[in-house]
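Peer 1: here is the input, now give the coordinates:
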Amino acid sequence: MCGRFSMSKETDDLIDEFVAEGGDFRAWRPGWNIKPTNVIPVVITSAKGEDAPVRRLEPARWSLTPSWSKELATKFPTFNARSEGITDKATWKGPVKSHRALVPATGYYEWKTDADTKKKTPFYISAPNDELMVFAGLYSWWKDRSKAEDDPTLWTLTATILTSSAVDELVGIHDRNPVPLPRDWWDDWLDPTIEGDQHFVDAAVQAAMPVASSLEVRQVAPLPARGDGPELTEPV
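Peer 2: Numbers count the residues shown, from 1 in each chain. Coordinates of the predicted model:
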């Protein structure tokens, strides 16, 4: 699972990092308590109209809505996508083919559940030296058919984060972890001319394992329902 994460970098820094064009981030701010359905920055390679595909940093709703869905809010959670058997699922198989995204993060939270007391202890997981992590993701443009064709809010970009079985170093906290792609995988993951299939996803998961194994873990205080700030990542 990856149900909360932090993204403390400014969008200008991300545009430079990914050599991408920037979308409209006037309503977005860095956060340390990002939840599903919040707006997050994602990197995609796509075309507008008949233009050639370009790499763009865009704001997206964190919870993928399939293009064929009648409602923006789905009946089941879609903020994570299990990598295993992903091409067998109607929600994911289309985006896997050519709508793949990078989701930058500076860390994420996971909860360890005590088998006896059922108490959940939160941990913050990040790259060494608080370097940027980049999760494998998928995206989908959802059209609100109740709006006029010239309505600027007609389309909503939505996204999900891929997860896999946890690496040995993290399995003691949770049995799943997000898929943090190494830099040499970024271009291929974004390339819409590479048709993604299960083999491609499995290869990405394997490539991500050394990155996941190197992540640092620290216990933190329980997360507030609405609070935000870098103090949430401080060890206790």
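
Peer 1: show me what the worst-scoring helix or strand of the chain on mean pLDDT is packed up against.
Peer 2: Here the helix or strand of the chain ranked lowest by mean pLDDT, DSSP states H and E is strand 21-22, holding a mean of 92. Applying 3 or more CB pairs under 8 Å, 6 or more residues apart in numbering; DSSP states H and E, one finds that strand 21-22 contacts helix 11-18, strand 54-62. (Glycine included, C-beta is placed from N, CA and C.)

Peer 1: can you tell me which helix in this protein is longest?
Peer 2: helix 198-213 (DSSP state H).

Peer 1: and it, what's its mean pLDDT?
Peer 2: For helix 198-213, the mean per-residue pLDDT is 98.

Peer 1: and it, which residues are buried?
Peer 2: Across helix 198-213, burial judged by 16 or more other CB atoms under 10 Å covers Phe200, Val201, Ala204, Val205, Ala207, Ala208, Met209, Val211, Ala212.

Peer 1: what helix or strand does the nearest residue in space to the third one that is not next to it in sequence sit in?
Peer 2: What it means is Ala204. Excluding its sequence neighbours, the residue lying closest to Ala204 (CB to CB, 6 or more residues apart in numbering) is Ala136, at 5.6 Å. For Ala136, the element it lies in under DSSP states H and E is strand 133-143.

Peer 1: try Trp111
Peer 2: Using DSSP H and E, Trp111 falls in strand 107-113.

Peer 1: buried residues in that strand?
Peer 2: Gly107, Tyr108, Tyr109, Glu110, Trp111.

Peer 1: average pLDDT for whichever helix or strand comes after that strand?
Peer 2: Sequence-wise, the next helix or strand downstream of strand 107-113 (DSSP H and E) is strand 120-126. Throughout strand 120-126, pLDDT has a mean value of 96.

Peer 1: show me what strand 120-126 is packed up against.
Peer 2: Partner elements for strand 120-126 (3+ CB pairs under 8 Å, 6+ apart): strand 107-113, strand 216-219.

Peer 1: what lines up beside the last one in the sheet?
Peer 2: The sheet places strand 216-219 alongside strand 120-126 (antiparallel), with pairing taken from DSSP bridges.

Peer 1: so how far is Thr74 from the residue most central in space within the chain?
Peer 2: Among the residues of the chain, the one closest to the centroid is Ile161, at 3.6 Å (CA atoms, centre = their mean). Separation of Ile161 from Thr74 (CB to CB, to the nearest Å) stands at 15 Å.
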